[in-house]
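J.: pasted the sequence and its predicted model underneath.
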Amino acid sequence: MTRHKEGDRRDTALNDAELQRCLTATWSTPAGLWGALSTVDHKIIGRRYITTAFVFLALGGVLSLLMRLQLAQPEARFIGPDRYNQIFTMHGTNMMFLFAVPVMQAMAIYLVPLMVGTRNIAFPRLNAFSYWMYLAGGLLLWVAFALDVGPDVGWFAYVPLSGPQYAAGKRADIWAQMITFTEVSALAVAVEIVVTVFKQRAPGMSLDRIPLFVWSMLVTSFLIILAMPAIMIASTALILDRLVGTHFFNPAEGGDVLLWQHLFWFFGHPEVYIIFLPAVGMVSTIVATFTRRPVFGYLGMVMALIATGILAFGLWVHHMFVAGLPRLGESFFTASSMAIAVPAGLQIFCWLATMWAGRPIFKTPFLFVIGFMVIFVIGGMTGVMVASVPFDTQVHDTYFVVAHFHYVLVGGAVFPLLGAIYYWFPKFTGRMMSETLGRWTFGLMFTGFNLTFFPMHILGLQGMPRRIYTYQPEMPWSGLNMFISLSAIILALGFLMFFVDAIRSARSGSAAPANPWGALTLEWATSSPPPAYNFMHLPVVSSLEPLADDPDILPVASGLRIDRRELLITSVVQAVPEARESSPGDSIWPLWAAAATSVTLIWSIFTPWAVVWGSIPVAIALIGWFWPKGVVEEDA
Amino acid sequence: MPNEISGAPPESYFALGKPYETDAYNLSQGKRLYSWFGCGSCHGDDGRGGVGPSFLDGWWLYGPEMVSIVASIRDGRPHGMPAFRDRMPIEQIWQLAGYVQAIGSYRPKVAAPSRNDDNQSRPAENRGPAKILFDPGPVGVHPDQGPSP
Amino acid sequence: MRIVRNGLLAVALAVSGCSGNQSAMDPDGGPAIHIAHLIIGIVAVCGVAWVLVMVMLAAALLRGRGRTGREITNERSLMRAVIAAVAVTVVIVAALTVSSFFTTRGIGVPEPAAMTITVRGQQWWWQVMYADSGPNASFETANEIHIPVGRDVRLELQSADVIHSFWVPSLAGKQDLVPGRSNILLLRAEKPGIYRGQCAEFCGLQHGHMAVLVIAEAPADYERWAAGQRQTALLPSNPEALAGQAVFLGKPCAACHTIRGTSAHGKTGPDLTHIGSRLTLAAGLVETTRGSLAAWIADPQTVKPGNNMPTVALTGVELQQISTYMEGLK
């Protein structure tokens, strides 16, 4: 793979055609299987990530339909308790760890480098590694489920139910180790995004000119970096308790079962914002484009993002209001949980102000944003309700909470995400999605969602707990449950239509121009889909809306080498160019490293010695990864 | 057993891959039965013996085979081992026997119950307590068992 | 008197469809009434706030609908409106926090001197232990808690295995039963009645079938019931039941269950001394009748898959005898 060294070729003295040829030669991924396995192009990996996450979404959706089938009637014998517990555990685990977080990060992997005007994400090989780890973790979970060893302890895996005494077999170990996979990949991506945003922004893109989606992903990435270690510690302690015989959660030997809940929710609550904040960024982007004006109160929006990110770490105890903690502590967490409604409210009001002052254009992405506003505000209101300790003692672990977090997560994250897919689909694929099908999809999903989840509030207040595999005929719940199950079909049809539209459009949708929506952020300054090198010349930014004037006269920077992968490093605050930095080329080693790590992690479910012996192939893979290969990118 | 021949496992047992020895659910059920039926009052809560013989010292008075452990539980043995024939269904006897065999094994099994959430007096079952505690010295037969089994 | 009481209970059962009353919005206990008021208040405030936001959304969307050029909007007045809306949010949120705090204060905590009942969660039933005044006064029952109306009752919540959560919505909010800890819950019924509750924290296979009945009755009725429960089981007079007792003591049953007054002292399963007087079987799963007893004993794993009661081989005659005996344990 040694590339001939041609001296120091720059992009200054070439005409466009010549430059394009050189850049393509330097940056493109070779065709074929080997190229696919070794690519480090953030766009290819991002697309892969998004596709995989949507496959998991579809699988998780099928599980939810199975649950609705079982719950449609009292004392149904369609699914037994053992399988049902696996199904609801899989649904929660899959949606949180394999769909929601990865898909948001995947959107960022694809979009952030484009939106900040650089040629690849920071640490591209780590990026490839993170995808393979994510894929392996997902396969571990789903293969285990297919073999009837899927976890059955809930996505929260409370000890002692998930501990050594009450969870026989390997089910809980598989859950805990799947966490390790997804954590590794999420942390890797978070670090890449922070570095990309801080050091690889286009010249002139000072902090106050960063698009709101990029801001939201920056805050999200910090949340991931700060929150994920808590769950990694918790799941590792669980595995140690189960396999090695430690006593972190054993009260008889000085452990504490509530320690698990603290660690889990110290991660678990920020997790909600890890999923929601990217959606805030997507909504802001879509609102700005479809109201034809910048989002009102940019500074307020950024401050609200940061405030949400900080507050997110101060309210985990509201998941433990009925665990028997001291009253005073609970009052503090009521106040902090209520307080987070303030930044959320500020964001809502800013979007409303934007719509008020703008010219709304009702295209599908904007419809999803309107749906988001309607649904998410309900979710926010019920969030305020469950923040109150006495209120929560009646609705905690009931269908009220199920309704609440589906309003927040589906309304607050999935609706914006689908809007974002409709919005950026032309950029991803070079083709438009169907506007007609899009409207149908939105209509079915909005109707289906509300009919499915709103009655759950009532069921919860009527006393129906969560996570029950059936209920007795004398309880007054069967009518509403049947109604919910039937409504779920409408929602499922909406998703089905979305998948049909996406697959059909990716194959044969009408070709998309570079900037079909007339949007003003940098990703629309390049072709759809973007070339391997993203931008022929790196853009120079002088405002929040770099494309507000004619995109053809976007100022550009030059002077980068074109005979090797090179990008521009800029300063954190002002984005003043600081250095040219090489960006690593394709490599197969991230795949080998991920394979070695996966084998070690899965093997360690069966014996702790796997960590010792498994470290050998991991070490070999890492040595191969970093071994000098004599390519131009390694020149200082 | 329909033919009243004590302890003979049904043929389906082998076809299913000896579930009472290799299935974590059955083994953990056996562990619960061990405490529920008070086995610990004679054999020690941790299986190290007391009035009755230890399961961890490397000696199996009637051999380590499942069939003979089942027979011991089901029909009782001389010198104080009561018969549980009338006190627990045969399936539970098999589960309990699987657990007893697992804790006495010298080799840690992948499918073994792990530690309990209470005070620990020996390594957990999945770490092969018998291997760690095994004393090759002349332990001999427990006094209560008479001169020879 | 017992007949009258049982008759009343039967009527109550018929009215409430055996389920008793299990709804946070149908409160009959002090704490639950406080919380229901809070729920109505918060839902009303939040509902109004939601409607206002939706009106603003609709107005914003309709306003710009037909607009063509970019109009000059007064950014300053827009900013004022946003700040005002945020200020209103702060006020509402603060008010809700304070009202929530005062509701907690209003519910209060049980006096240490109040009548105490220990409830131990087990996979998947409730062990209920009364240990009031005096020697020989303690007794144990399962899945059914009798309390006197109008008195504070202090529930001491413990767990024998995993985390459960005690929740009888018509009487009080829920509280977890955590292994290694003891949590306290105040229970108080203002009206006689049968209040159903069920485990609210996922606890394994039969989490869905772990119900508990709280039966609130007039203090005199309660005392009569407690006196009955303190007694040991009577030797059955009818020969079939007597044969049933022999079957019970000779078969594996006695290894797990206790019947006070007999040689059965097992501790793994529920105390059966007065099982015939309990309204339901298997943690609220079925009504206690001779038929349901027989069905449960004959094949517990079909009725409640995964529970810890094994299938004991019994002949048809034995089954009939043992269920007659059980039914007679009033």
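T.: Sure thing, it's come through. Keep in mind that this is a model prediction, so the values were computed, not measured.
J.: give the rounded mean pLDDT of the lengthiest helix in chain A.
T.: Longest helix of chain A, by residue count under DSSP state H: helix A:257-290. Across helix A:257-290, pLDDT averages out at 95.
J.: from A:S162, how far off is A:G324?
T.: Using Cβ to Cβ, to the nearest Å, A:G324 is found at 20 Å from A:S162. Any C-beta I mention is one placed from the backbone N, CA and C, and that applies to glycine too.
J.: picking that back up, can you give me the offset of the helix or strand that the longest helix of chain A is followed by from its chain's centre?
T.: Moving toward the C-terminus from helix A:257-290, the next helix or strand (DSSP states H and E) is helix A:298-311. With Cα atoms, centre = their mean, to the nearest Å as the basis, helix A:298-311 stands 19 Å off its chain's centre.
J.: for helix A:298-311, buried residues please.
T.: A:298, A:300-302, A:304-309, A:311 (16 or more other Cβ atoms under 10 Å in any protein chain shown).
J.: is the residue most central in space within chain B in a helix, a strand, or coil?
T.: Nearest residue to the geometric centre of chain B (Cα atoms, centre = their mean): B:V100, 1.9 Å. When classified by DSSP: H, G, I helix; E, B strand; the rest coil, B:V100 comes out as helix.
J.: that one: what's it in contact with?
T.: Each residue near B:V100 by Cβ atoms under 8 Å, 6 or more residues apart in numbering or on different chains is listed here: B:30, B:34, B:39, B:47, B:55, B:69, B:73.
J.: where exactly do the helices run in chain C?
T.: Using DSSP H, the helices found in chain C span residues C:2-16, C:30-64, C:75-107, C:219-230, C:239-250, C:253-256, C:290-298, C:300-303, C:316-328.
J.: same check on chain B?
T.: In chain B, the helices defined using DSSP H lie at B:11-15, B:19-22, B:24-36, B:40-43, B:66-75, B:90-104, B:129-133.
J.: on that earlier part again, when A:G324 and A:S162 are compared, which one has more neighbours?
T.: Higher neighbour count among A:G324 and A:S162: A:S162, with 27 against 18, using other Cβ atoms under 10 Å in any protein chain shown.
J.: got a list of what the more buried one touches?
T.: Taking Cβ under 8 Å, 6+ apart, we find A:S162 in contact with A:153-154, A:172, A:175-176, A:238.
J.: on the three-state scheme, it is what?
T.: Following three-state DSSP, A:S162 is assigned to coil.
J.: on that earlier part again, what's the most distant pair in the contacts of B:V100?
T.: The most widely separated members of those, counting by Cβ to Cβ, are B:G47 and B:I73 (14.0 Å).
J.: who's more crowded, those two?
T.: B:I73 (27 against 24).
J.: B:L16: neighbour count?
T.: When neighbours are defined as other Cβ under 10 Å, B:L16 has 12 of them.
J.: element containing the residue in the stretch 451-600 of chain A positioned nearest to chain C, please.
T.: Using Cβ to the nearest Cβ, A:I468 is the residue of the stretch 451-600 of chain A that sits closest to chain C, at 3.4 Å. Using DSSP H and E, A:I468 sits in no helix or strand.
J.: ok, it touching C:A211?
T.: No - contact between A:I468 and C:A211 fails when scored by Cβ atoms under 8 Å: they sit 10.4 Å apart.
J.: what is in contact with these two at once?
T.: Listed contacts common to A:I468 and C:A211 are C:Q198; contacts here mean Cβ under 8 Å, 6+ apart.
J.: is the helix or strand where A:L59 lies anywhere near chain C?
T.: Assigned by DSSP H and E, A:L59 belongs to helix A:42-71. No - applying Cβ under 8 Å from any Cβ of the partner chain, one finds helix A:42-71 out of contact with chain C, separated by at least 10.0 Å.
J.: what is the subsequent helix or strand relative to that helix?
T.: Counting by DSSP H and E, what follows helix A:42-71 is helix A:81-93.
J.: relative to helix B:24-36, how tilted is that next one?
T.: Helix A:81-93 and helix B:24-36 are oriented at 110 degrees to each other (axes from the mean of the first three to the mean of the last three Cα atoms, to 10 degrees).
J.: identify the residues contacting helix A:81-93?
T.: So helix A:81-93 is in contact with A:60, A:63-64, A:66-67, A:70, A:79, A:141-142, A:145, A:148, A:150-156, A:171, A:175, A:178, A:467, A:469-470, C:204-208, C:305-306, going by Cβ under 8 Å, 6+ apart.
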